[in-house]
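*Asks:* next input, structure requested:
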Amino acid sequence: MASHGKKYLEARNKVDRDTLYSPMEALELLKKLSYASFDETVEVHLRTTLDPRQADQQIRDVVVLPHGLGKTVKILVFAQGEAAEAAREAGADLVADSEELVAKIQNGWTDFDVAIATPDMMGTVGRLGRVLGPRGLMPNPKAGTVVPADRMADAIKEAQAGRIEFRLDKTANIHVPIGKVSFELEQLNDNLVAFMRAVRQARPAGASGAFIRRVTVTSSMGPGIKVDPFAASINL
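*Replies:* Numbering: from 1, shown residues only. You can find the predicted model right below:
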């Protein structure tokens, strides 16, 4: 196990590991303890009581964060003909309407943040599953990334605005970014609230009781800070 540096240990010592902080307290502390020379990403990690092996206990959904993620989102679209032109006009960075780009992705190239596809291109996209799937880039109707041509502009706009997909992983956890350390405290809190509300609304049929066991916020380089999952501002 890699040992942590002096700055990390100093930051961790300023976090009371037995305290459940309110969202605003946790985010304020996170900002104060940030020590990296770059603008760190703020992340939320949820520990749930769900069983990822059960079909009725899955979570997979999307949320548009009110203040975005603080970064430029590079969007690739799988489309042809008029849909490809609509994607370019709407601001897509790349349009995979040729076998050349598809082959490049098949060989492992994934220099983009979001992939969107029209339904007729899913046969082609399916061939790329082993590359896109492990990186969380596989277009999916439930995530709003498989759309008809007349919805393409809206899908691209939402992705640019800070739409993120969240899903339950194999260890019953959910991990998402909600912004940057440089964001105003209120902006981070708004994004956290929006995400938590989306998780609550995506509650699976097989969930029982309060299915959120633990909420932790952290920055890219910083220690985890536990958040009270029942705090009023999260509104669970």
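*Asks:* pull the distance from stretch 153-163 to the chain's centre.
*Replies:* 13 Å (Cα atoms, centre = their mean, to the nearest Å).
*Asks:* can you mark which positions in it are buried?
*Replies:* 153, 155-156, 158-160, 162-163 (16 or more other Cβ atoms under 10 Å). All C-beta spots, glycine's among them, are computed from the backbone N, C-alpha and C.
*Asks:* can you put these in JSON lines and add secondary structure?
*Replies:* Putting those into JSON lines (DSSP: H, G, I helix; E, B strand; the rest coil) gives the following:
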{"residue": "153", "secondary structure": "helix"}
{"residue": "155", "secondary structure": "helix"}
{"residue": "156", "secondary structure": "helix"}
{"residue": "158", "secondary structure": "helix"}
{"residue": "159", "secondary structure": "helix"}
{"residue": "160", "secondary structure": "helix"}
{"residue": "162", "secondary structure": "coil"}
{"residue": "163", "secondary structure": "strand"}
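*Asks:* hmm, which two among those residues are most spread apart?
*Replies:* Largest separation among the buried residues of stretch 153-163 by Cβ to Cβ: 153 and 162, giving 16.6 Å.
*Asks:* quick one: pLDDT of residue 135?
*Replies:* In this prediction, residue 135 carries a pLDDT score of 85.
*Asks:* before we move on, what about the one 4 residues further on?
*Replies:* Per-residue confidence for residue 139 comes out at a pLDDT of 93.
*Asks:* same question, residue 108
*Replies:* pLDDT at residue 108 comes out at 94.
*Asks:* what's around the spatially closest residue to it that is not a sequence neighbour, how many residues?
*Replies:* In this structure, residue 108 finds its nearest non-sequential neighbour in residue 131, 6.0 Å apart by Cβ to Cβ, 6 or more residues apart in numbering. Number of residues near residue 131 (other Cβ atoms under 10 Å) recorded here: 16.
*Asks:* now do the contacts for residue 131.
*Replies:* Counting by Cβ atoms under 8 Å, 6 or more residues apart in numbering, residue 131 touches 105-106, 108, 110, 137.
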